[in-house]
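Q: Quick one, structure for this:
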Amino acid sequence: MPSFFYTHTLMNNLLKYTVALLVILVAACSTTNKGEVILGVKDIYTLTPTEQEAPFKNDKQAGLYGRLFNHYEKAQIPLHKYVAGDGYDMYFGIPIGYNRAGFYYTMMKDSAFTVLNNNADEKKYYNKILRKTDSLYVSTSVIENIFNASYYIVHITGKDSSQISNMYEQDYAFKKLTFK
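A: Below is the predicted model of the structure:
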C-alpha cells in the first residue's frame, strides 16, 4: 500500500509541475507589449511603429533563411524571431555550435556573399558584417548578452543598398536590444 500511495502522489505532483512549466513557457514565449519582441527568456527588441513581429510570409521565405543563414556545416542558427519592417526583414537567430567570434569568422568566409564592410571590435559585445548576394543586401550582427553570455545573430535584409548600409552604420539592431 505505501508504494501505491507514493506512486500516486508522485504522479500528481509530476502532473502539477508539468502544467506549471507549460504555463510558464507559454507566458515566456508571448509578447507582453505590442512595441516589443521578447528574445530568449527576457531580452527585448524594441519595435518602431513601422515594424511588426510576424510569422514567415511563406515557404519561399523560410527557404531563403535556411539557404542564406542556416547552412553551416559545424554550426546552426535556428530562427528565433522574425520582424517585418518598411523595406526590410529582420531575422533573429540563436546560434548553436560556435562562440561569437567563431560565427563572425564563419560568416566572413561564406561564399554565398560578397563582404562590403565588417567590424570586429572585441571591446564591444558585437561584431557586424555588411554583405550582399545577387539581389539582397544584408547587415549581420553577432550580438552578445554580457549578463548571461548568450548571443543572437541578427540579419537585416533588403534590396535598398543605402537603407541596409545606413542600418549597418547605425548599429540598428544592437541599439534596439535591451538585455536583462
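Q: what about the strands in this protein?
A: Per DSSP state E, the chain carries strands over the ranges 36-39, 43-46, 52-53, 79-84, 89-93, 114-121, 126-132, 137-145, 150-158, 177-178.
Q: Return the residues in contact with residue 180.
A: By CB atoms under 8 Å, 6 or more residues apart in numbering, residue 180 lies in contact with 42, 43, 44, 147. All C-beta spots, glycine's among them, are computed from the backbone N, C-alpha and C.
Q: roughly how far apart are residue 61 and residue 99?
A: 29 Å (CB to CB, to the nearest Å).
Q: Could you export the strands of the chain as TSV, including distance to residue 165 and mean neighbour count?
A: Listed next are the strands of the chain as TSV, based on distance: least, CB to CB, whole Å; neighbours: other CB atoms under 10 Å:
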stretch	distance to residue 165	mean neighbour count
strand 36-39	24	20
strand 43-46	21	18
strand 52-53	23	16
strand 79-84	19	18
strand 89-93	16	23
strand 114-121	8	13
strand 126-132	6	22
strand 137-145	7	24
strand 150-158	10	22
strand 177-178	20	16
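Q: weakest of those by average pLDDT?
A: Confidence, taken as mean pLDDT, is least for strand 114-121 of those (a mean of 84).
Q: Note down every partner strand of that one and its orientation.
A: strand 126-132 (antiparallel) (DSSP bridges).
Q: okay, the angle between the partner strand and strand 150-158?
A: With axes from the mean of the first three to the mean of the last three CA atoms, to 10 degrees defining the directions, strand 126-132 sits at 20 degrees from strand 150-158.
Q: ok, back up a step: would you turn the strands of the chain into a markdown table with distance to residue 68?
A: A markdown table is the format used below for those (distance: least, CB to CB, whole Å):
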| stretch | distance to residue 68 |
| --- | --- |
| strand 36-39 | 20 |
| strand 43-46 | 20 |
| strand 52-53 | 20 |
| strand 79-84 | 11 |
| strand 89-93 | 9 |
| strand 114-121 | 13 |
| strand 126-132 | 10 |
| strand 137-145 | 8 |
| strand 150-158 | 8 |
| strand 177-178 | 22 |
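Q: doesn't residue 151 make contact with residue 179?
A: No. The pair residue 179 / residue 151 is not scored as a contact, 10.2 Å apart, by CB atoms under 8 Å.
Q: Common neighbours of the two, please.
A: residue 145.
Q: which one of the contacts of residue 180 is nearest residue 118?
A: residue 43 (24.2 Å; CB to CB).
Q: ok, that closest one touching residue 176?
A: No. Using CB under 8 Å, residue 43 is not in contact with residue 176, being 11.0 Å away.
Q: Max pairwise distance over the contacts of residue 180: which two?
A: The span of the contacts of residue 180, defined through CB to CB, is set by 44 and 147 at 12.7 Å.
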